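Asker: Sequence first, then the predicted structure:
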Number of protein chains: 2
Amino acid sequence: MSKIVKVDEAARKVQDATSSDHASCDRVGSLVARFDSPLELDCGKSLAPFDIAYQTYGTLNAAKSNAILVCHALTADQHVANDHPITGKPGWWTTLVGPGRPIDTNRFFVICSNVLGGCLGSTGPASIDAATGQPFGLNFPVITIGDMVDAQTRLIDRLGIDQLFSVIGGSMGGMQVLEWVARHGNRVFSAVPIATAAWHSAQNIAFHELGRQAVMADPNWRGGRYLEAGTSPRNGLAVARMAAHITYLSEDALQDKFGRSLQARTAKTFSFDADFQVESYLRHQGSTFVDRFDANSYLYITRALDYFDLKSEHGGILANAFKGTKTRFCVVSFTSDWLYPTRESRAIVQALNAVAANVSFVEIESSKGHDAFLLEEPELFATISGFINSAAERRGIALPAERH
Amino acid sequence: MSKIVKVDEAARKVQDATSSDHASCDRVGSLVARFDSPLELDCGKSLAPFDIAYQTYGTLNAAKSNAILVCHALTADQHVANDHPITGKPGWWTTLVGPGRPIDTNRFFVICSNVLGGCLGSTGPASIDAATGQPFGLNFPVITIGDMVDAQTRLIDRLGIDQLFSVIGGSMGGMQVLEWVARHGNRVFSAVPIATAAWHSAQNIAFHELGRQAVMADPNWRGGRYLEAGTSPRNGLAVARMAAHITYLSEDALQDKFGRSLQARTAKTFSFDADFQVESYLRHQGSTFVDRFDANSYLYITRALDYFDLKSEHGGILANAFKGTKTRFCVVSFTSDWLYPTRESRAIVQALNAVAANVSFVEIESSKGHDAFLLEEPELFATISGFINSAAERRGIALPAERH
């Protein structure tokens, strides 16, 4: 199977038919939907107009019952299953999404949008503030996971979809899944939150704060006005990315992958060169990230994550977030994930059990750490396939033509 | 008991009698011993002259059999049990060292020296290079834990001590303990490595590399020549410290200490202020650290830690490091330490068992993470007391006068 899945032309027609204000942008490589009606944000401000850039794969059926919304993680974007317009690399979830894959684009209409606050076509701090003609910078309002989800509902409305067959995502994507159910539960037939949590822990916040301080300590950040200054806080953002990257891998994964192996040398150099492979790897992760990501977006999205606390949003009782839910859930965690450990998924499952929700929970044995959800994990694929197929049967979604 | 333990005058007399080149320095608040004979370093270079700053507590007995060398961790120094000359805070191990404490200064002569490469009186990158009249900066040779230990042997020689009754330390201090036994085993009657490892893991290296990159990314670092430039890479060093600090606490400790509590406010501010207590705490840790620590020393000492690998130094078999040892060992780990987890201590114990060493091993139940070794941990105190007292009996060291 080719790793490149082009935007489906039929789906594009659906979009064009439902909206007149889609613009394609070469840099973001996506359709961009503009919304003029203000979005009321959790901070009390409102935002208008705003753009949401998105990709779709597959075809929306006549009943509009086969749409799956994929929610992306902190530094990912809408390019789930096509080559990335900036890096040229395959989409970030080609393991899971594509023709014949567990999320089968021959069968389902898959949508993924760049989050509000992002930097790949959706409105964020790098966008032009109509009021000033300058990039928002820190004048962009501080947004929440809930705001991201509310913005997504506008896109789903625009596509003419009442109820999503499924909302699925890992990490921050999983938080959006939970918030979709909490805020718009009747629009979600099934939900798959993976490697995620219902609130950010003190350690989660600590790692993000470290990253933000690294960005803001870079003099090229210039109080957030680096775009006007023609500078870029590359060094600070690279350090932030390095810190985050350590949390995405388990200690065992780092040890298995690198151990104490030296990088293209036979002996230690007794210098500050990247002697060890793990050093070289981290430096590479940092430096490639800054080419595709906006530093202020990083600040805003990490802030949204740190603010996320579905429990306190519901009077200190997580189960209240899911009261009366009819959504079917499949909650997935990984044994070696120390960013959002299994106990955080268990808290979600317990809350769902407390409201008698339809929930299955799978903890997958993996040594790969948090990033396992993005990697080749057969047990994950089997879990998602099984859940999606049985939910599709309940929803009466036909099997793809070639399987009839 | 007063937390301030003044340098013992009797001990000072011992030192004065054995050396004529001790100088006291107000900033470092310690005696400083100068050594003119070159120190041969692992990198192949030699260093001369060099200084070692140190503190002592208690009195060396006539047999010179009651000396305990305390080895300090990454960012600590020689001020174990007296107020710090810069911060004014109590010594870093007053919980364990002092009159009537587990390491009883009424009974033992306790020595602690600032490590080679440090910044509190021992020669390091901020010292003046006699060849240029300028601070060494990155011209300082890259040193190892073994080099630190070899420098310490000079001080012990100078104090006229053949064999140390005990060498004890936590974290990087524990690595020095192991290296003392590996290199100078006949000079170590007993050894107490705490919360440590025999080699740095890929994750350990990753966190240090992140810190170094943060320092070096700060334009005020100026390629290591910030002292001449009159600048200071404060921001970068603060970020490095924040990253390290996260690793010193367990997730539970962070959660128990801070959770998602807000800092002196009742609601989120929807800004990038330190809304959460854990953010405020980390910022404070970062900013206070830079007042007392040299950025280049941080680079050099973290590098020494990353280079540490007692196993590869001994042909890939850790047990070889301890072959024929007569030293008595007490190895201590903490359940919630994820920087140097218990399995790393177990590897040390297994190597010691393989050479039939006299070793006791205690894993202490604690939720405090790596920093537990510096905190109020009654089980640690009981363990150290018991081990030290029984070893002292074997060594024939008299009980303190008041207990006769």
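Answerer: Good, I have the coordinates.
Asker: residue ranges for the strands of the stretch 51-200 of chain A, please.
Answerer: Assigned by DSSP state E, counting those that start in this stretch, the stretch 51-200 of chain A shows strands spanning A:67-71, A:97-98, A:103-104, A:109-113, A:128-129, A:134-135, A:164-170, A:188-194.
Asker: Mind putting those into JSON lines with distance to chain B and mean neighbour count?
Answerer: In short, each C-beta sits where N, CA and C put it, glycine included. Putting these into JSON lines (distance: least, C-beta to the nearest C-beta, whole Å; neighbours: other C-beta atoms under 10 Å in any protein chain shown) gives the following:
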{"stretch": "strand A:67-71", "distance to chain B": "22", "mean neighbour count": "28"}
{"stretch": "strand A:97-98", "distance to chain B": "30", "mean neighbour count": "26"}
{"stretch": "strand A:103-104", "distance to chain B": "32", "mean neighbour count": "24"}
{"stretch": "strand A:109-113", "distance to chain B": "23", "mean neighbour count": "28"}
{"stretch": "strand A:128-129", "distance to chain B": "17", "mean neighbour count": "13"}
{"stretch": "strand A:134-135", "distance to chain B": "16", "mean neighbour count": "16"}
{"stretch": "strand A:164-170", "distance to chain B": "20", "mean neighbour count": "28"}
{"stretch": "strand A:188-194", "distance to chain B": "19", "mean neighbour count": "26"}
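Asker: can you pull the contacts of A:I145?
Answerer: Residues near A:I145 by C-beta atoms under 8 Å, 6 or more residues apart in numbering or on different chains: A:M172, A:M175, A:Q176, A:E179, A:A304, A:L305, A:Y307, A:F308.
Asker: what's the closest non-adjacent residue to the second one?
Answerer: Ranked by C-beta to C-beta, 6 or more residues apart in numbering or on different chains and with sequence neighbours excluded, the top spatial neighbour of A:M175 is A:I145, at 4.9 Å.
Asker: Can you list the low-confidence ranges for the stretch 101-250 of chain A?
Answerer: For the stretch 101-250 of chain A, no stretch is flagged by pLDDT under 70.
Asker: near chain B, which residues of it show up?
Answerer: Applying C-beta under 8 Å from any C-beta of the partner chain, one finds that the stretch 101-250 of chain A approaches chain B through A:138, A:141-142, A:199-203, A:205-207, A:209-210, A:212-214, A:216-219, A:235-236, A:238-239, A:242-243, A:246.
Asker: Give me the buried subset of those.
Answerer: Buried members of these, counted by 16 or more other C-beta atoms under 10 Å in any protein chain shown: A:141-142, A:199-203, A:205-207, A:209-210, A:212-214, A:216-218, A:235-236, A:238-239, A:242-243, A:246.
Asker: I'd assumed A:I246 was in contact with A:G211.
Answerer: No: judged on C-beta atoms under 8 Å, A:G211 makes no contact with A:I246 at a distance of 11.0 Å.
Asker: got the angle between the top helix by length along chain A and strand A:188-194?
Answerer: Counting by DSSP state H, the longest helix found in chain A is helix A:378-395. For helix A:378-395 against strand A:188-194, the angle by axes from the mean of the first three to the mean of the last three C-alpha atoms, to 10 degrees is 170 degrees.
Asker: Show me which residues of helix A:378-395 are buried.
Answerer: Neighbour-count burial for helix A:378-395 flags A:L380, A:T383, A:I384, A:F387, A:I388, A:A391, A:A392, A:R395 (criterion: 16+ other C-beta under 10 Å).
Asker: A:T383: what's its closest spatial neighbour, skipping adjacent residues?
Answerer: Spatial nearest neighbour of A:T383, excluding adjacent residues (C-beta to C-beta, 6+ apart): A:V362 at 4.9 Å.
Asker: what angle do the helix or strand where the one you found lies and helix A:378-395 make?
Answerer: Assigned by DSSP states H and E, A:V362 belongs to strand A:358-364. Here strand A:358-364 runs at an angle of 170 degrees relative to helix A:378-395 (the same axes, to 10 degrees).
Asker: Identify the residues contacting strand A:358-364?
Answerer: With C-beta under 8 Å, 6+ apart as the test, strand A:358-364 has contacts from A:327-335, A:342, A:345-346, A:349, A:352-353, A:372, A:377, A:379-380, A:383, A:387.
Asker: For the stretch 251-400 of chain A, which segments count as helices?
Answerer: A:251-257, A:277-289, A:295-307, A:342-354, A:378-395 (DSSP state H, counting those that start in this stretch).
Asker: Among these, show me which one is buried the most.
Answerer: Looking across the helices of the stretch 251-400 of chain A with neighbours counted as mean count of other C-beta atoms under 10 Å in any protein chain shown, the highest average goes to helix A:295-307: a mean of 25.
Asker: Show me what that one is packed up against.
Answerer: Judged by 3 or more C-beta pairs under 8 Å, 6 or more residues apart in numbering or on different chains; DSSP states H and E, helix A:295-307 is in contact with helix A:145-158, helix A:172-184, helix A:202-217, helix A:234-248.
Asker: Averaged pLDDT, that helix. What do you get?
Answerer: When pLDDT is averaged along helix A:295-307, the result is 98.
Asker: Dump it to PDB, keeping only the CA atoms.
Answerer: Taking Å, rounded to 0.1, in the frame of the first residue of the first chain, the C-alpha atoms of helix A:295-307 are listed here in PDB:
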ATOM      1  CA  ALA A 295       7.000  28.900  18.900                       C
ATOM      2  CA  ASN A 296       4.000  30.800  20.100                       C
ATOM      3  CA  SER A 297       1.700  28.000  19.000                       C
ATOM      4  CA  TYR A 298       3.800  25.800  21.200                       C
ATOM      5  CA  LEU A 299       3.200  28.100  24.200                       C
ATOM      6  CA  TYR A 300      -0.500  28.200  23.600                       C
ATOM      7  CA  ILE A 301      -1.100  24.600  23.000                       C
ATOM      8  CA  THR A 302       1.000  23.400  26.000                       C
ATOM      9  CA  ARG A 303      -1.000  26.000  28.100                       C
ATOM     10  CA  ALA A 304      -4.300  24.500  26.800                       C
ATOM     11  CA  LEU A 305      -3.000  21.100  27.900                       C
ATOM     12  CA  ASP A 306      -2.000  22.300  31.400                       C
ATOM     13  CA  TYR A 307      -5.300  23.900  31.900                       C
END
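Asker: now the angle from it to helix A:172-184?
Answerer: 60 degrees.
Asker: tilt between helix A:295-307 and helix B:277-289?
Answerer: Using the same axes, to 10 degrees: helix A:295-307 against helix B:277-289 is 130 degrees.
Asker: any idea which of the buried residues of helix A:378-395 is closest to chain B?
Answerer: A:L380 (23.6 Å; C-beta to the nearest C-beta).
Asker: center of chain A - which residue?
Answerer: Ranked by distance to the mean C-alpha position of chain A (C-alpha atoms, centre = their mean), the top residue is A:H72 at 1.6 Å.
Asker: What distance do you get for A:V97 to B:D294?
Answerer: A:V97 sits 51 Å away from B:D294, going by C-beta to C-beta, to the nearest Å.
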